[in-house]
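Colleague: could you look at this predicted model? Sequence included:
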Amino acid sequence: MTAPTLRDAPATDAATQRRGKRAAAVAEAASAGWKVWLAKIVLLGIIDALAIYAVLVLIGQGQWLVPAIVVVVAVAINIVYLVPGLLPAKYLTPGLVFLFVFQIFVVLYTIYIAFTNYGSGHISTKDDAVNALMQQSQSRVENSPTFPVKVLERDGGFYFLTTDPDTGAFVIGGEDQPLAPVAGADAAGAPGFTTLDFGQILAHQDAIGELSVQLDADPNDGFLRTTDGSNAYLFTSSLTWDAAAGTMTDTTTGTVYRDTGQGAFTADDGTQLLPGWQVWVGGDNFVRAFSDQSIRGPFFTVLIWTFVFAVLSVATTFILGLFLAIVFNDPRMKSKKFYRVIMILPYAFPGFLSALVWAGMFNQDFGFINQVLLGGASVPWLQDPWLAKIAILVVNLWLGFPYMFLVCTGAIQSIPDDIQEAGRVDGASVWQIFRHIKFPLLLVSVAPLLISSFAFNFNNFNLVYMLTGGGPRFADASINVGQTDILISMVYKVAFVGANRDYGLASAFSIIIFVLVALISYFSFRQTKVLEELN
Amino acid sequence: MTTQSTIVPITPAQAVAAEPAPLPRRPFGRWFRETGWRHLIGIVMLVFAAFPLVYVLSASLNPGGTLLTANGLFQNFDLGSYIDLFADPTRPYGDWFVNTIVIGVCSSVGTVILCALAAYAFSRMRFTGRRFGLLTLLLVQMFPQLLAFVAIFLLMSAIGDIFPVLGLNSQIGLIMIYLGGALGVNTFLMYGFFNTVPASIDEAAKIDGAGHARIFFTIILRLVAPILAVIGLLAFISTTSDFVIASVVLVDPDKQTLAVGLYQFVSQETARNWSVFAAGAVLAAILPMALFLSLQRYIVGGLTAGAVK
């Protein structure tokens, strides 16, 4: 650990050898410059090569903004590591690159999404939506000719090979690619494509059954679909797309659907054709969160429960932890170490597993608590709103009290004993000493931890999601939320659980949580004055 | 989180405050009043703390067991569930286990490296924007990455369209996401610890002709090894138990981690295969618990400085 020196003492053989090695190491270190440079050049070379590759691919995809950013970042990295000086930047750059992309950028992106209607039904662009709608409403054209097809595969995508009835040329088309002649194609296949045999068609029959290939560039002319992998039939859509007017017309009912700026084709009576596409909707998601009755009700219940849950989890774990710390902080008591090790086991056990195990123990019909402890009672621990909340708090107490116990033990032991002596000399009772002297002292050192524990429990996703799944579910809510959901699990469920995914609304909720957490942190920072300690 | 107080490893001496000299035998009543009731509380707490773990262990040794049969504690003893655990291809437990360890180790090593570099710069160098940088880190960690998972999902699916290696369903991508969230609180913990290493050591080395990189890699990093271990372990534990981001990014069963895989396994077939789940839980818990218990003296200090489970 100490810097090697050249004047170490006893001149035994071993020592001489060691000294020689050290001297060599020092000499090498002095000339290690070229190795560092080599490593640096190699690493920069790799980064530059990856950047160039990324830029080429991105430009090939017709993008300009992202490759420009990649170029700027790559140039900046080169400057930082090649130009002498800029020392702090050399140390900060690696962390900052990741921080900017995966934390700062995603937060900004979240804000952007919150102002769009992004979600299931509004995933992609208007062109994709037109295509999807045309495909959805297809029906087979009666008495249309049969197209003999071969199914081809390339890069995981499936294609039809058939002959154009008008010209007799071999044409190939896929999901996003209307039938078109391909050079070198013959009846058996085409260069670059693999022709599927019967077994392979069977293996992929779902994907092949879904495949519909546009006959030509105009979607109104129809699509080819197959049911058996060898014959395809012409399907046409009951919708007609009028590109000039930007309208969809249902040929069976005659209803005209227009783009009204809502991100979906809408009829005059308000019915929408889905899928739609992604548009900027301004503050609509926030307005919905606070005004739509079927969202606002559950949202406020969840908001209140989140605060209640966070406060109660901190309070219960702290009270139990402190109590145990006091109980076990007695010099006369033996085998404290043993108790201590067992009691921190829940803390060492991975949190997501604990919640799953407790969910099993709380099971209404088969769980240990009902079957064994309560002698076969059928208490709906996770199905009743109040019992589910109690169950969550009990499990959280189990998870959290060891931490508070450790923290409080440390804090109590750091309070000098003479305070107790002084108090006793002045005639104070044990309780008075604790209440007026020890507890305030303890609180000073523990308060920041209580605040961070609160912040942690505010977003304690794993516990809630794995124990109750947020349930029991609100019957009257239009979104998938339940009685024990906290904000973060509600966001998750709105965005990723169930058929109806609403990324826009979920992001809006995320931002509301951001704001709440920021406010709480601001006030707690003001309390702990941590900002003043930065120098 | 809110302090950058230094890590104070609780020494064994402190932890087990000096045992008193053996006292003369006391009558039972007096013994109970003074320390006996403490043991009573201790025993109650032991049962509360250890029971779920005992229950899981017992369930895992009960082959083919359901929730109901798991209630008879230790009535059977058989390792069948541990074998079943690796037998079902729709539930690739072995893959989950390896994935979890690989992702956990890579992200914790990466976290330690990134944070040590940043903390060294903040602690030892004075540059314009230093205070602003520290403040930014404080602000950024107020917005937990956890909350941005919708944007992370959409970002990853966009990346995946162009570079499948890094996008959705990519473990490298997931590690990069974790590294993005690494800098905040960890840098602060390290920064505080770096500040406790006297700057005179650097200066002495500088006079001896050492460059900044040499000082950092050969002197500072060794002196701050305890905090590196704590940060590494905390990062390992938090990434291996992360469900939200891992479940959003990793799609295919054989790419998933234990948290994602075991949750889906349980939510699909709780009552039927409880003993297999229990076996999976026991195996999944062994490594973190062993690490935790062997390093607990240091971790307690680290936790006291702001991280919570």
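Modeller: That came in fine, so what should we check first?
Colleague: pLDDT below threshold where in chain A?
Modeller: A:1-13, A:20-33, A:525, A:527-535 (pLDDT under 70).
Colleague: point me to the residue of it nearest chain B.
Modeller: A:Phe102 (2.3 Å; C-beta to the nearest C-beta). Heads up, the C-betas are built off the backbone N, CA and C, glycines and all.
Colleague: list the contacts of that residue.
Modeller: B:145, B:152, B:176-177, B:179-181 (C-beta atoms under 8 Å, 6 or more residues apart in numbering or on different chains).
Colleague: one more: A:Ile513?
Modeller: A:459, A:487-488, A:491, B:147.
Colleague: that one: which element?
Modeller: Taking DSSP states H and E as the criterion, A:Ile513 maps to helix A:503-528.
Colleague: tell me how far that helix lies from the chain's centre.
Modeller: 17 Å (C-alpha atoms, centre = their mean, to the nearest Å).
Colleague: is it true that A:Asp186 lies in a helix?
Modeller: No - applying DSSP: H, G, I helix; E, B strand; the rest coil, one finds A:Asp186 to be coil, outside a helix.
Colleague: A strand includes the residue of chain A closest to chain B, no?
Modeller: No - assigned with three-state DSSP, A:Phe102 falls outside any strand and is helix.
Colleague: what mean pLDDT does stretch B:31-39 have?
Modeller: Averaged across stretch B:31-39, the pLDDT comes to 82.
Colleague: now do the buried residues in that stretch.
Modeller: Applying a neighbour-count criterion of 16 or more other C-beta atoms under 10 Å in any protein chain shown, the buried positions in stretch B:31-39 are B:35, B:38-39.
Colleague: can you check stretch B:93-107 too?
Modeller: Neighbour-count burial for stretch B:93-107 [16+ other C-beta under 10 Å]: B:93, B:95-97, B:99-100, B:103-107.
Colleague: hmm, that stretch in reach of chain A?
Modeller: No - contact of stretch B:93-107 with chain A (C-beta under 8 Å from any C-beta of the partner chain) is absent, the minimum separation being 9.9 Å.
Colleague: rounded mean pLDDT for that stretch, please.
Modeller: 95.
Colleague: which residues make contact with it from outside it?
Modeller: Contacts for stretch B:93-107 (C-beta under 8 Å, 6+ apart): B:85-86, B:171, B:174-175, B:178-179, B:182, B:235-236, B:239-240, B:246, B:250, B:253-262, B:280, B:283-284, B:287.
Colleague: now a ChimeraX select for only the buried ones of the residues you listed.
Modeller: In ChimeraX syntax, the buried subset of the contacts of stretch B:93-107 is picked out as below (16+ other C-beta under 10 Å):
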select /B:85,86,171,174,175,178,179,182,235,236,239,240,246,250,253,255,256,257,258,259,260,261,262,280,283,284,287
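Colleague: so of the contacts of stretch B:93-107, which ones are in helices?
Modeller: Residues of the contacts of stretch B:93-107 located in helices (DSSP state H): B:171, B:174-175, B:178-179, B:235-236, B:239-240, B:246, B:258-262, B:280, B:283-284, B:287.
Colleague: within reach of chain A, which of those are there?
Modeller: Answer for the ones in helices among the contacts of stretch B:93-107 near chain A (C-beta under 8 Å from any C-beta): B:179, B:240, B:259, B:262, B:284.
Colleague: hmm, back to that, export the contacts of A:Ile513 as CSV, with columns for distance to A:Phe307, secondary structure and neighbour count.
Modeller: Converted to CSV, the contacts of A:Ile513 look like this (distance: C-beta to C-beta, whole Å; DSSP: H, G, I helix; E, B strand; the rest coil; neighbours: other C-beta atoms under 10 Å in any protein chain shown):
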residue, distance to A:Phe307, secondary structure, neighbour count
A:Asn459, 12, coil, 21
A:Leu487, 10, helix, 25
A:Ile488, 13, helix, 25
A:Val491, 16, helix, 28
B:Leu147, 16, helix, 27
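Colleague: what's the most distant pair in those?
Modeller: Distances among the contacts of A:Ile513 were taken as C-beta to C-beta; the most separated pair is A:Asn459 and A:Val491, at 9.8 Å.
Colleague: overlap in contacts, the two.
Modeller: A:513, B:147.
Colleague: so the chain: which segments form each domain?
Modeller: Defaulting to chain A. Following automatic domain parsing, one gets these domains for chain A: A:33-114, A:126-273, A:289-534.
Colleague: the intended chain is chain B.
Modeller: If you go by automatic domain parsing, chain B breaks into B:35-78, B:90-305.
Colleague: columns distance to A:Asp259 on top of these, output as a markdown table?
Modeller: Below are the domains of chain B laid out as a markdown table (distance: least, C-beta to C-beta, whole Å):
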| stretch | distance to A:Asp259 |
| --- | --- |
| domain B:35-78 | 54 |
| domain B:90-305 | 23 |
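Colleague: with respect to burial, which of the ones you listed scores highest?
Modeller: domain B:90-305 (a mean of 20; mean count of other C-beta atoms under 10 Å in any protein chain shown).
Colleague: which residue, other than its chain neighbours, is closest to residue 281?
Modeller: With no chain named, the answer covers chain A. A:Asn117 (4.8 Å; C-beta to C-beta, 6 or more residues apart in numbering or on different chains).
Colleague: wait, chain B
Modeller: Nearest to B:Ala281 is A:Leu353, by C-beta to C-beta, 6+ apart, at 4.7 Å.
Colleague: ok, that neighbour to A:Thr316 distance?
Modeller: Counting by C-beta to C-beta, to the nearest Å, the gap from A:Leu353 to A:Thr316 is 21 Å.
Colleague: ok, those two, which is more surrounded?
Modeller: A:Leu353 (28 against 17; other C-beta atoms under 10 Å in any protein chain shown).
Colleague: any buried residues in whichever strand or helix holds A:Arg288, and which?
Modeller: Using DSSP H and E, A:Arg288 sits in helix A:284-291. Going by neighbour count (16+ other C-beta under 10 Å), the buried part of helix A:284-291 is A:284-286, A:288-289.
Colleague: want to throw those residues into TSV with distance to chain B?
Modeller: Shown next, in TSV, are these (distance: C-beta to the nearest C-beta, whole Å):
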residue	distance to chain B
A:Asp284	16
A:Asn285	12
A:Phe286	15
A:Arg288	16
A:Ala289	15
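Colleague: which two of those residues have the greatest separation?
Modeller: Of all pairs drawn from those, the greatest distance, 9.7 Å, lies between A:Asp284 and A:Ala289 (C-beta to C-beta).
Colleague: ok, residue 118 - contacts?
Modeller: No chain specified, so I'll use chain A. Counting by C-beta under 8 Å, 6+ apart, A:Tyr118 has contacts A:278, A:503-504, A:507, B:154.
Colleague: the intended chain is chain B.
Modeller: Counted by C-beta under 8 Å, 6+ apart, B:Ala118 has contacts A:91-92, A:95-96, B:183, B:187, B:190.
Colleague: 6 Å instead, please
Modeller: A:92, A:95, B:187 (C-beta atoms under 6 Å, 6 or more residues apart in numbering or on different chains).
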